[in-house]
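Participant: Need a 3D model of the sequence below.
(one chain, ligands or ions: 1)
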Amino acid sequence: MTEAAAVIGPLDLAAHVDEALAVQSLAFGLSDDEIEVRRQIVLRHLGSPGARALGATNSEGRLIGFVYGMPNDRGHWWSTVVEPYLRSLDSDHWLDDSFVITELHVHPRHQNRGIGRALITAITDSAEEPRSILSAIDTDSPARGLYHSLGYHDLARQVIFPSAPRPYAVMGAPLPLRRS
Ligand SMILES: CC(C)(COP(=O)(O)OP(=O)(O)OC[C@H]1O[C@@H](n2cnc3c(N)ncnc32)[C@H](O)[C@@H]1OP(=O)(O)O)[C@@H](O)C(=O)NCCC(=O)NCCS
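Facilitator: Alright, predicted model coming up:
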């Protein structure tokens, strides 16, 4: 169930990048150095064609969750890392005509109330692409549970991103996402 007090709507992520990174930091765990790096990456991503973000705000107008993504571009760093893994499994066509979910985070105090599901469903519903891809730490997490329930399946496992301490799974789903 969506939290009654949470409102999902367009987010000017460039203007609210610090609030978003504060949510991400609590939800995902980021060091101060990582926050600085992420800020530069987010601002660069927002310059990509079709990049957009949605936020969830509580009754006081505070940001408690966000998602952002964009039409996938094989030239982007993320794509160049995952492409050899997908190609070796004959799945690299998923990198074309695909909306990539770059980040999805919900403040820990507000998790498991339907906000993450509402954010990712809403942003992909407005995508023109017929499918969506993303990566998530390759473990049995709430994020992976959510993505599976929305119709994402594993395209590649144990994908290593330089500088990431743990391997990731790359997942893809047809759009619109499955309703539960
Ligand atoms: C992943 C995340 C965004 C999900 O947001 P959320 O608002 O908590 O998710 P929802 O309430 O919409 O949950 C939807 C599904 O997620 C799964 N889920 C959520 N919390 C869970 C938990 N604590 N344990 C197990 N599954 C859980 C369930 O499958 C749930 O399905 P249900 O609604 O049928 O029960 C949130 O848990 C989060 O921010 N996690 C930390 C950051 C992160 O991992 N981000 C993703 C990076 S790839």
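Participant: what sits against the nearest residue to residue 28 once chain neighbours are set aside?
Facilitator: Among residues not flanking residue 28 along the chain, residue 105 sits closest, at 5.9 Å (C-beta to C-beta, 6 or more residues apart in numbering). Bear in mind the C-beta positions are built from the backbone N, C-alpha and C, glycine included. Counting by C-beta atoms under 8 Å, 6 or more residues apart in numbering, residue 105 makes contact with 20, 23-24, 27-28, 65-67.
Participant: repeat that with 10 Å
Facilitator: By C-beta atoms under 10 Å, 6 or more residues apart in numbering, residue 105 lies in contact with 20-28, 30, 64-68, 111, 116, 119, 143.
Participant: again with residue 179
Facilitator: 117, 121, 149-151.
Participant: Going through the residues you listed, which ones are buried?
Facilitator: Buried residues within the contacts of residue 179, counting neighbours by 16 or more other C-beta atoms under 10 Å: 117, 121, 150-151.
Participant: From those residues, which land in helices?
Facilitator: Among the buried ones among the contacts of residue 179, DSSP state H puts 117, 121 in helices.
Participant: Reformat the buried ones among the contacts of residue 179 as CSV; add distance to residue 11.
Facilitator: Output for those, formatted as CSV (distance: C-beta to C-beta, whole Å):
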residue, distance to residue 11
117, 17
121, 15
150, 20
151, 24
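Participant: Now render the buried ones among the contacts of residue 179 as a markdown table, adding distance to the ligand.
Facilitator: Shown next, in a markdown table, are the buried ones among the contacts of residue 179 (distance: C-beta to the nearest ligand atom, whole Å):
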| residue | distance to the ligand |
| --- | --- |
| 117 | 3 |
| 121 | 9 |
| 150 | 8 |
| 151 | 12 |
